[in-house]
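Asks: Predicted model and sequence follow; I will ask about them next.
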Amino acid sequence: MAKARTITARHDYARCWGRLGPVERDRRLTEALRRLADGDTLAQVAATWRMSGSALCRALIAYAPQEWRQALAARALVRYEHAINRHAAEPGNATARARVWATRWHLEHALKVLARTRVQLLGTELVGPCGQCGAQVYARLGRSAQCYMCGWEGDARGYVLDHLTPLETSPTEA
């Protein structure tokens, strides 16, 4: 009787990343997460190490799930900013307006579901708690964010990125 063979996936993350030492794996994860947060696509980042985008995605989910969610939220924020700037430059362009709506939905989804933050997108403002006093901070992208209770002031984009911490652990991490 013939023995059954197991067939491994062609671009399995364990085969691509399992043989790496912990230092090299952490370096690659850090670089991948940084590039994804800056707006690069999975395919562009994965091409650096000659692997598929799905294998990179599986590796990020396996080795850095919380950081992966934060990178997706940061990337959604960057794309929303670009869409708003493009629409402001060409207010009559229907494609630019549609891109703002689409990227807005992606940002809302990333903030609410992926990163599970207290920051919300209301109209054109980002609303969330102040890191120092807990009061509501209203911030517009491209402008400064300010807490009127304690006087804290900072960049709106930096404010959102600082608050990409989970409210609770996900069911898969518990």
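Replies: Great, that's in hand.
Asks: Helices of the chain, start to end?
Replies: Using DSSP state H, the helices found in the chain span residues 13-17, 22-37, 42-47, 53-63, 65-89, 94-109, 156-162.
Asks: Tell me which of those helices sits nearest to Pro129.
Replies: helix 156-162 (10.4 Å; C-beta to C-beta). Quick note: C-beta positions are derived from backbone N, CA and C, even for glycine.
Asks: quick one: average pLDDT of that closest one?
Replies: For helix 156-162, the mean per-residue pLDDT is 70.
Asks: follow-up on the earlier one: pick out the shakiest of the helices of the chain, pLDDT-wise.
Replies: The stretch with the lowest average pLDDT out of the helices of the chain is helix 13-17, scoring a mean of 65.
Asks: Reformat the helices of the chain as JSON lines; add mean neighbour count and distance to Leu122.
Replies: Formatted as JSON lines, the helices of the chain follow (neighbours: other C-beta atoms under 10 Å; distance: least, C-beta to C-beta, whole Å):
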{"stretch": "helix 13-17", "mean neighbour count": "17", "distance to Leu122": "38"}
{"stretch": "helix 22-37", "mean neighbour count": "16", "distance to Leu122": "23"}
{"stretch": "helix 42-47", "mean neighbour count": "16", "distance to Leu122": "30"}
{"stretch": "helix 53-63", "mean neighbour count": "19", "distance to Leu122": "30"}
{"stretch": "helix 65-89", "mean neighbour count": "19", "distance to Leu122": "14"}
{"stretch": "helix 94-109", "mean neighbour count": "15", "distance to Leu122": "10"}
{"stretch": "helix 156-162", "mean neighbour count": "18", "distance to Leu122": "13"}
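Asks: Touching stretch 120-130 from outside, list them.
Replies: 104, 107-108, 111-112, 117-119, 135-141, 145, 147, 149-150, 152, 156, 159-160, 163 (C-beta atoms under 8 Å, 6 or more residues apart in numbering).
Asks: Return the alpha-carbon coordinates of it using CSV.
Replies: Extracted in CSV, the C-alpha atoms of stretch 120-130 (Å, rounded to 0.1, in the frame of the first residue of the first chain):
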residue,chain,number,x,y,z
GLN,A,120,-14.0,57.6,15.1
LEU,A,121,-14.4,59.4,11.9
LEU,A,122,-17.3,61.9,12.2
GLY,A,123,-17.9,64.0,9.1
THR,A,124,-14.4,65.2,8.2
GLU,A,125,-13.1,65.1,11.8
LEU,A,126,-11.4,62.4,13.8
VAL,A,127,-12.8,62.2,17.3
GLY,A,128,-11.2,60.3,20.1
PRO,A,129,-10.0,60.5,23.7
CYS,A,130,-7.1,62.7,24.8
